[in-house]
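Enquirer: Predicted model and sequence below, questions to follow.
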Amino acid sequence: MALAPETVRVPAEINLGTFGAVDLDDLGDAVPARHLIKLTPGVPTGSHYDELAAIFRPVFARIAEGARERDSTRTLPFEQVGWLNKARFGALRVPASRGGHGASLSDAFRLLIELADADSQVAHLWRSHIGFAETVLLLPDDELRDTWFGRFADGHIVGNAYTERGGNTLGTLSTRLVSAGGRWRVTGEKYYCTGTIYADWVAVAASREDVPGRHIAVVSTQHSGVRIYDDWDGFGQQLTGTGTTSFDAVPVDSLLPQDADGAHPESAIYQLVLLAVQAGITRAVLRDAREQVQVRTRSFSTGSGVVPRHDAQVLQLIGEISASAFAVDATVLAAVAELESVLADEALNAAERFAVAELSANRAQTAIQPLVLGAASKLFDGLGASATSSACNLDRHWRNARTVATHNPAIYKARIVGDYEVNGTAPRKLNSVGNAGARHTSTRF
């Protein structure tokens, strides 16, 4: 928590309202000022966002209280997800007329960044749900769309089962949809199933023999044929449920219409969720660095001999972390705003809409990853070796940021953007990760 402001002595003869040379020694210890730096840079507050923030910030504060301990003990945040469900976090984008909060895309992402500041892992586990909700908003089937609006308003969460860990060729899927007994059923095994362990439903990417392409089938996680394993063993984001899910002839509840032109902006939305998580991590780094420096009295024999909160080099370091947090926030929100405008632009065709969405997310990812990882490292430069104690668990910020950065690796994003800038090459859409160059019996798409 922030310390109470100290009593400040300012000589009466100094006019702080005029410009000109001032002897800093005459200013005393400090000059009092309200904290005016915006929580979200460059975005003015609005009545609807203020109303939403008033609902969710108390929940975020409760979630933040145990974030460090949950990470240390690998305690899955089922209770915290329940708190968010009670406030209908999963219905942020559902129209108010259908029981949701009616949030804009930008407002929803601003709240997601605040949640990631409280606990990046809790924010990350909503990735699949957020992406699925955006797909529902674009469904042409009114009845199917209203069914899911009602489920979101009732607190239902949708998880993810898109990626197969091995055996499938790039662009193909081994998981199958088969018609049996007059109903579609899905069989297969998936990995990287973020959020599914907390979810009521899971969207499964599968193939069909009769119709080529990727098909998205939604099934209940409560069916006996569904097995969910908490076997994600990454060194970061360990509480997101990013493990294995298997399906044994599980009946399909909803079969979403195929993206016939392959131009749905789904992948950009998924990536922007990860970038919002990164923005929240950078905010958390700034918060922890600031609070640790405020109370720290230990100095170094090679330092300036003053307490860290008055050490010019330490203050510069905190300023650099603050600047990184500002830049990451601003970049993510700018990309979200661009996506929001693209979705509303009827002058664009589907391929153009996909290209702009992808390029916006790719540029943002390329720009922010070095800033996030750099900020998470600078935290230790300002605090010294004692900050590496496992009791502090400050390394979780770097571990979590590094883990998020491996998703859809940023090394490929700059090349895609550069190829578009120089050669006008549109971003390519391939709906399945897999082994490159090997033969496989699945239908290619």
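Expert: Alright, I've got the coordinates.
Enquirer: Wait, Asp381 touches Leu317, no?
Expert: Yes: the criterion here is Cβ atoms under 8 Å, and Asp381 meets it with Leu317 at 5.9 Å. C-beta coordinates here come from the backbone N, C-alpha and C atoms, glycine included.
Enquirer: Which one's more surrounded, these two?
Expert: Leu317 (19 against 14; other Cβ atoms under 10 Å).
Enquirer: Pull the contacting residues for Val94.
Expert: By Cβ atoms under 8 Å, 6 or more residues apart in numbering, Val94 lies in contact with 100-102, 133, 149, 152-153.
Enquirer: would you list the residues you listed in TSV and tack on distance to Asp253?
Expert: Formatted as TSV, the contacts of Val94 follow (distance: Cβ to Cβ, whole Å):
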residue	distance to Asp253
Gly100	20
His101	24
Gly102	25
Ala133	16
Phe149	15
Phe152	14
Ala153	17
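Enquirer: Where do the strands of the stretch 101-250 of the chain begin and end?
Expert: Using DSSP state E, counting those that start in this stretch, the strands of the stretch 101-250 of the chain run over 158-161, 176-180, 183-190, 201-206, 215-220, 226-228, 245-251.
Enquirer: where does the stretch 51-200 of the chain dip in pLDDT?
Expert: Along the stretch 51-200 of the chain, the parts satisfying pLDDT under 70 run over 167-169, 171.
Enquirer: Could you pull out the helices in it for me?
Expert: 67-73, 78-86, 105-118, 120-124, 127-137, 142-153 (DSSP state H, counting those that start in this stretch).
Enquirer: got a winner among the contacts of Val94 for most neighbours?
Expert: Going by other Cβ under 10 Å, Phe152 tops the contacts of Val94 with 25 neighbours.
Enquirer: burial measure for Ala335, as a count.
Expert: Ala335 has 26 nearby residues by other Cβ under 10 Å.
Enquirer: what helix or strand does the closest residue to it other than its chain neighbours sit in?
Expert: Once flanking residues are discounted, Ala335 sits nearest to Ala364: 3.9 Å by Cβ to Cβ, 6 or more residues apart in numbering. Ala364 belongs to helix 350-381 when assigned by DSSP states H and E.
Enquirer: Mind giving me the packing neighbours of that helix?
Expert: Packing contacts for helix 350-381, counted by 3 or more Cβ pairs under 8 Å, 6 or more residues apart in numbering; DSSP states H and E, involve helix 266-295, helix 312-344, helix 395-405, helix 410-423.
Enquirer: which parts of the longest one are buried?
Expert: The neighbour-count check on helix 312-344 (16 or more other Cβ atoms under 10 Å) flags 314, 317-318, 320-322, 324-340, 342-343 as buried.
Enquirer: Can I get the helices of the stretch 51-200 of the chain in CSV including distance to Tyr198?
Expert: Converted to CSV, those look like this (distance: least, Cβ to Cβ, whole Å):
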stretch, distance to Tyr198
helix 67-73, 14
helix 78-86, 5
helix 105-118, 14
helix 120-124, 9
helix 127-137, 9
helix 142-153, 15
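Enquirer: what's the most buried one of the ones you listed?
Expert: Among these, ranked by average contacts under mean count of other Cβ atoms under 10 Å, first place goes to helix 120-124 (a mean of 29).
Enquirer: Show residues contacting that one.
Expert: With contacts defined as Cβ under 8 Å, 6+ apart, helix 120-124 is touched by 63, 67, 70-71, 77, 80-81, 84, 112-113, 115-116, 194-195, 237-240, 273-274, 276-277, 280-281, 284, 400-401, 404.
Enquirer: and what of stretch 375-394?
Expert: Contacts of stretch 375-394 (Cβ under 8 Å, 6+ apart): 68, 71-72, 281-282, 285-286, 288-289, 292-293, 296, 298, 300, 308, 314, 317-318, 320-321, 324-325, 395, 397-398, 401-402.
Enquirer: likewise stretch 281-289?
Expert: 113, 116-118, 120, 317-318, 321-322, 324-325, 328-329, 371-372, 375-376, 378-379, 382-383, 394, 397, 400-401, 404.
Enquirer: I figured Leu255 hits Ile216, correct?
Expert: Yes: using Cβ under 8 Å, Leu255 is in contact with Ile216, at 7.4 Å.
Enquirer: Got the domain ranges for the protein?
Expert: Following automatic domain parsing, one gets these domains for the chain: 47-156, 161-255, 266-423.
Enquirer: For Ala436, find the nearest of those domains.
Expert: Closest approach to Ala436 among the domains of the chain is made by domain 161-255 (5.0 Å; Cβ to Cβ).
Enquirer: what distance separates the start and the end of the closest one?
Expert: 14 Å (Cα to Cα, to the nearest Å).
Enquirer: give the contact list for the closest residue to Thr245 other than its chain neighbours.
Expert: Residue nearest to Thr245 in three dimensions, not counting chain neighbours: Cys193, with 4.3 Å by Cβ to Cβ, 6+ apart. Residues in contact with Cys193 (Cβ under 8 Å, 6+ apart) are 159-161, 163, 202, 228, 241-245.
Enquirer: Sweet, I'm off.
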